[in-house]
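need the 3D shape of this:
(one chain, ligands or ions: 1)
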Amino acid sequence: MKEQTNKTIVIYKSKYGSTKQYAKWIAQEVKGDLFENSEVDVSDLQDYDNIVLGGSLHAVGIKGVKVLTENFDRLKDKQLIVFAVGCSPATEDVINHIINHNFIEKMKEKIKFFYLRGAFNYKKLSLIDKLMMLALKFKLKMQKEALDEDAKRLLDSYDNPIDWTDKEAIAPIVEYINR
Ligand SMILES: Cc1cc2nc3c(=O)[nH]c(=O)nc-3n(C[C@H](O)[C@H](O)[C@H](O)COP(=O)(O)O)c2cc1C
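Sure thing, here's the model as predicted:
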């Protein structure tokens, strides 16, 4: 029988739970070890072949990604996979914007990036997040041009919580790790 040689760690940073849910599903499927970001030190990562980092999106920043970007030179020979979880639609523009905002060129070449859609429940946000999202709502309402469908859906979600988390969405990530 072929021995399993590829060891995988799945690390996540999640504020409201959707990134944690995706990280759990991925770790289960690839039989990897699962850790919350704060439990991990870069020295622990040396034992693994595949390092998967999942972080929720916050003003386009991927929470927790620093463990990879700040230690990139020590980790660059590993298989590095990052998934970001946000509410924006999964368009090419959105995905490119996230990549360009979070990674410099050498990282873009080495890190395999995936984007997954999470959830949004305005009533459950922390005070600071509520204020940030109120500012966005105000900005959208003041906009002179007509709102597109995604902006309308976002405004609607302030009153009606929305949840896109879907186990099937992890399939491309699992396939990439197991390839
Ligand atoms: C203050 C704030 C900023 C956010 N910024 C973004 C963003 O830039 N792009 C995006 O797609 N989603 C954004 N979101 C939506 C979250 O990423 C989304 O709710 C995600 O599911 C949260 O993940 P978590 O449940 O693991 O915390 C933002 C949410 C909040 C509250």
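
tell me what the helix or strand of the chain with the lowest mean pLDDT is packed against?
Sorting the helices and strands of the chain by mean pLDDT, DSSP states H and E puts helix 149-157 at the bottom, at a mean of 87. Applying 3 or more CB pairs under 8 Å, 6 or more residues apart in numbering; DSSP states H and E, one finds that helix 149-157 contacts helix 127-142. Backbone N, C-alpha and C define where each C-beta goes, glycine included.

for the helix it packs on, name the packing helices and strands.
Helix 127-142 sits against helix 149-157, with contacts defined as 3+ CB pairs under 8 Å, 6+ apart.

ok, the helix it packs on near the ligand or not?
No - using CB under 6 Å from any ligand atom, helix 149-157 never reaches the ligand; the gap is at least 9.2 Å.

strands paired with the next helix or strand after that helix, and their directions?
Once helix 149-157 ends, the next helix or strand along the chain (criterion: DSSP states H and E) is strand 162-163. Strand pairing for strand 162-163, using DSSP bridges, gives strand 119-120 (antiparallel).

picking up where we left off before, for the least confident helix or strand of the chain, which residues meet the burial criterion?
Neighbour-count burial for helix 149-157 flags 154, 157 (criterion: 16 or more other CB atoms under 10 Å).

same check, this time on stretch 21-29
Under 16+ other CB under 10 Å, the buried positions of stretch 21-29 are 21-27, 29.

and it, C-alpha only, in CSV?
The C-alpha trace of stretch 21-29 is given here as CSV (Å, rounded to 0.1, in the frame of the first residue of the first chain):
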residue,chain,number,x,y,z
GLN,A,21,-16.5,26.1,8.7
TYR,A,22,-14.7,25.9,5.4
ALA,A,23,-11.4,25.1,7.1
LYS,A,24,-13.0,22.2,9.0
TRP,A,25,-14.5,20.8,5.9
ILE,A,26,-11.2,21.0,4.0
ALA,A,27,-9.2,19.5,6.9
GLN,A,28,-11.7,16.6,7.1
GLU,A,29,-11.6,15.9,3.3
